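Enquirer: Would you be able to build a 3D model of this:
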Amino acid sequence: MEANTLNYSVNKSIRLLLVDDSELFRKFITELLADNSALSIIGEAADGSEALEILGKSNPDVILLDMEMPVMDGMDVLRQIIILLRSSWFQASPERVPRAALIL
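Expert: The predicted model follows:
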């Protein structure tokens, strides 16, 4: 393990954006991670459109993303994230780039 990766996990919790149209699933994950100081949920969204709005205001390290959602599904969200990553807004602020997206 690289030294900076180790320092990151010791000194800072991993910031998680939770995106799922199931309120029950979001609540389950929130309760599951409540006592875990290594992870913090910085936002929740019920669809892809809400996820992109939250992403524009925060900088999650990981996005937990449902594939099938109303309004905008997980694949459409990923496409939009790729477009954002190519934009000057993200290039000027590399700390805003998510490090992973997990698709359920």
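
Enquirer: now for the helix or strand harbouring Leu32, which elements pack on it?
Expert: Leu32 belongs to helix 23-33 when assigned by DSSP states H and E. If you count contacts as 3 or more C-beta pairs under 8 Å, 6 or more residues apart in numbering; DSSP states H and E, helix 23-33 packs onto strand 14-19, strand 39-45. Using the backbone N, CA and C atoms, a C-beta is placed for each residue, glycine as well.

Enquirer: what's the neighbour count on Arg79?
Expert: 12 (other C-beta atoms under 10 Å).

Enquirer: Show the residue spans covered by the helices in the chain.
Expert: For the chain, the helices defined by DSSP state H occupy 3-11, 23-33, 48-57, 74-86, 88-92.

Enquirer: who wins for proximity to Met67 among the ones you listed?
Expert: Shortest distance between Met67 and the helices of the chain, using C-beta to C-beta, is found for helix 74-86: 4.1 Å.
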